[in-house]
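Engineer: sequence plus predicted model, see below.
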Amino acid sequence: MLAPADFAALWLTAKLATVTTLLLLLIGTPLAWWLARTRSWWKGPLGAVVALPIVLPPTVLGFYLLLLLGPNGPVGRFTEWAGIGLLPFSFGGLVVGSVLYSMPFVVQPIQNAFEAIGDGPLEAAATLRAAPLDAFFSVAVPLARPGFLTATVLGFAHTVGEFGVVLMIGGNIPDQTRVVSVLIYDHVEAMDYAQAHWLAGGMVVFAFLVLLALYLLNSRGRRA
Amino acid sequence: MSVSAQFALTWPDFALDVDLDLPGRGVTALFGRSGCGKTTLLRCIAGLERGSGLLAVNGETWQDDARFVPTHQRALGYVFQDARLFAHLDVRRNLDYGAKRAFRRTASADSSRRDAIVDLLGLGPLLDRLPSRLSGGEQQRVAIARALLTEPRLLLMDEPLAALDHARKQEFLPWLERLREELDIPLIYVSHAPDEVARLADHIVVMDAGRAVAQGPLAETLARVDLPITLGEDAGAVFEATVVARDAEWHLARVAFDGGELRVRDNGTPLGRRVRVRVLARDVSIASSRHDDVSILNLLPATIVAHAAEAHPSQLLVQLRVGATLLLARLTRYSAQRLDLAPGREVWVQIKAVALIG
């Protein structure tokens, strides 16, 4: 059965995924809105940067984050100067890494949903006296609900499943950075296959249930 | 009380340049073929498109060199071609959307006025439905009510019938006519369909290639002979008449207008009712004397006012005066020469078909 260390890792993973998803919805929504509606030249380059984690090996992302956030990196110097300390090998560093790593899985569904809405409903809202921000919250966000749902589920699940980035910038510190995926690796290295099975099997079930829920929610949304 | 609108706007493949002074009441049709700029002009008036220019609606400036009031601060109602109801809100909440925002600071919208509008457009049974469960005509009725509930000072409609099939259109037009009778604000109505314009408009602006080529009261403007290229086959006169008698045996009704009487197919319109009559130029022929040996029922004395060449060199469009009413007749240039139809000449018109439109 699960040991206290396993429970700690599960709890840490859930906490990391929740914080990351909330932050991503906060950052990703305006970013997706801008990408969906801008005619600026910057749309292409910025969209490509957001999508990078889909194609890059997580170790590459983790490696450069380590350099950036480390004591000699520009961001690291800033965080030390600002009194936050250094982010690598801390929960904060994991959050930063996860936010970047899961960004496309949150931004793209929301961006697609905003693009599908088009100008029509927003123009209608303007002719009905809704100021732009009001129209965003009362028309665009509710109409993009399926996109937000997909983004939330994918953002959460993808963060739970990350390994490479965590290992590079988080390491393997119990209660701080040792998430489930890293712990499974530990168990396997220690030839503790039974423990690995409990966690790995649980992950398989979790991933299946998440994707099943997403599928069911989406098909229901389409019928309504 | 008027709407004055001057706009200039240049896109790579299109330029809009208009200067309009529209009446502050009644229905003004923006008429012209697709691509002539009528929708762009409507969007400029709404502030959805930004052209340089000047816009004042019944004394209130919405745009000039110094300012551009954003759409959401203009007291207007806009009915889009595709209704654009909010898919996530039921009919009731679609109706409340604009009303709530228009009356945020003052007291909430007068609920008896709301009920009157819901009744006028027959929306009572639809209030709890989602837009996806409405027909195209029902969606447009909701869109009109939603716009009216903000108590706009100007109502704009962009071809609200365009997305409807013929049957739905016939079902929807009477609602628009009822609305026209109740409305006390100016309505600007974009259309490329001459029958809709003839039925609904009081005033018309004819547009072509981004410019207004003619504007004026409907009857006067439609009877002009210098616009046939725009109107083509649909050139014809529209005027008001009253149903004065009916002949049960032959199922004919008699309508009186300023210039005489016409016998028309009896469609059950009650006696005394004001109706609009449309007579297409192609249904009017001219004789130099009265002939009673023809099948045509409607023969009236008339005076030739003017004529103009048509698109095809064989054709001529003739403007005639019957009493105080102007009619148009299309005939060949050859006939006109044979009958010596010069302005001022007294003739008889034979009207083959008369349509009662609303």
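Structural biologist: Cool, the structure landed.
Engineer: going forward, measure contacts between C-alpha atoms and count neighbours the same way
Structural biologist: OK.
Engineer: going along the chain from the host helix or strand of residue B:338, find the next helix or strand for me.
Structural biologist: Remark: residue B:338 resides in helix B:333-339, with elements defined by DSSP states H and E. Using DSSP H and E, the helix or strand that follows helix B:333-339 towards the C-terminus is strand B:346-351.
Engineer: the residue in chain B that chain A sits nearest to: what's it in contact with?
Structural biologist: Relative to chain A, the nearest point of chain B is residue B:72 (4.0 Å; CA to the nearest CA). Shown in contact with residue B:72 (CA atoms under 8 Å, 6 or more residues apart in numbering or on different chains): A:125-131.
Engineer: out of those residues, who's near chain B?
Structural biologist: Among these, the residues within reach of chain B (CA under 8 Å from any CA of the partner chain) are A:125-131.
Engineer: which of these sits closest to residue B:85?
Structural biologist: residue A:125 (9.5 Å; CA to CA).
Engineer: can you give me the neighbour number for that closest one?
Structural biologist: 25 (other CA atoms under 10 Å in any protein chain shown).
Engineer: that one against residue A:139, yeah?
Structural biologist: Yes - judged on CA atoms under 8 Å, residue A:125 makes contact with residue A:139 at a distance of 7.5 Å.
Engineer: got the residues of chain A near chain B?
Structural biologist: A:120-121, A:123-131, A:139, A:142-143.
Engineer: so, low pLDDT: which residues of the chain?
Structural biologist: Chain wasn't specified; assuming chain A. For chain A, the stretches flagged by pLDDT under 70 are A:221-224.
Engineer: chain B, not that one
Structural biologist: Ranges of chain B meeting pLDDT under 70: B:104-110, B:228-231.
Engineer: can you map out the helices along it?
Structural biologist: B:38-46, B:91-102, B:111-120, B:136-148, B:166-182, B:194-200, B:218-222, B:228-231, B:333-339 (DSSP state H).
Engineer: in chain A, what residue is nearest chain B?
Structural biologist: Residue nearest to chain B within chain A: residue A:129 (4.0 Å; CA to the nearest CA).
Engineer: measure the residue nearest to that residue when sequence neighbours are not counted to residue B:48 for me?
Structural biologist: Once flanking residues are discounted, residue A:129 sits nearest to residue B:72: 4.0 Å by CA to CA, 6 or more residues apart in numbering or on different chains. Per CA to CA, to the nearest Å, residue B:72 is found 10 Å from residue B:48.
Engineer: quick check: the one residue sitting closest to the centre of chain A vs residue A:58, distance?
Structural biologist: Nearest to the mean C-alpha position of chain A, counting by CA atoms, centre = their mean, stands residue A:102 at 3.3 Å. From residue A:102 over to residue A:58 the distance is 11 Å, taken as CA to CA.
Engineer: joint contacts of those two?
Structural biologist: Joint contacts of residue A:102 and residue A:58 (CA under 8 Å, 6+ apart) do not exist.
Engineer: now the terminal residues of stretch B:57-66, how far apart.
Structural biologist: So stretch B:57-66: terminal residues 16 Å apart, CA to CA.
Engineer: what parts of chain B come near chain A?
Structural biologist: Near chain A, when you scan chain B using CA under 8 Å from any CA, you find B:46, B:48, B:71-78, B:80, B:84-88, B:97-99, B:101-102, B:147, B:150.
Engineer: repeat that with 7 Å
Structural biologist: B:71-73, B:76-78, B:84, B:86, B:88, B:98, B:101-102, B:147 (CA under 7 Å from any CA of the partner chain).
Engineer: which of those residues lies closest to residue B:35?
Structural biologist: Distances from residue B:35 to the residues of chain B next to chain A, taken by CA to CA, are shortest for residue B:78, at 19.7 Å.
Engineer: wait, isn't that closest one in contact with residue B:155?
Structural biologist: Yes - assessed by CA atoms under 7 Å, residue B:78 is found in contact with residue B:155 at 6.1 Å.
Engineer: pick out whichever of those two has more residues nearby.
Structural biologist: residue B:78 (27 against 22).
Engineer: for that one, which non-adjacent residue is spatially closest?
Structural biologist: In space, residue B:78 is closest to residue B:156, 4.7 Å off (CA to CA, 6+ apart).
Engineer: cool, and residue B:96?
Structural biologist: Per CA to CA, 6+ apart, closest to residue B:96 is residue B:146, 7.3 Å.
Engineer: can you get me a residue count around residue B:315?
Structural biologist: So residue B:315, with other CA under 10 Å, has 17 neighbours.
Engineer: no wait, residue B:132
Structural biologist: Using other CA under 10 Å, residue B:132 has 14 other residues around it.
Engineer: once you drop chain neighbours, what's closest to it?
Structural biologist: Nearest to residue B:132 is residue B:87, by CA to CA, 6+ apart, at 6.9 Å.
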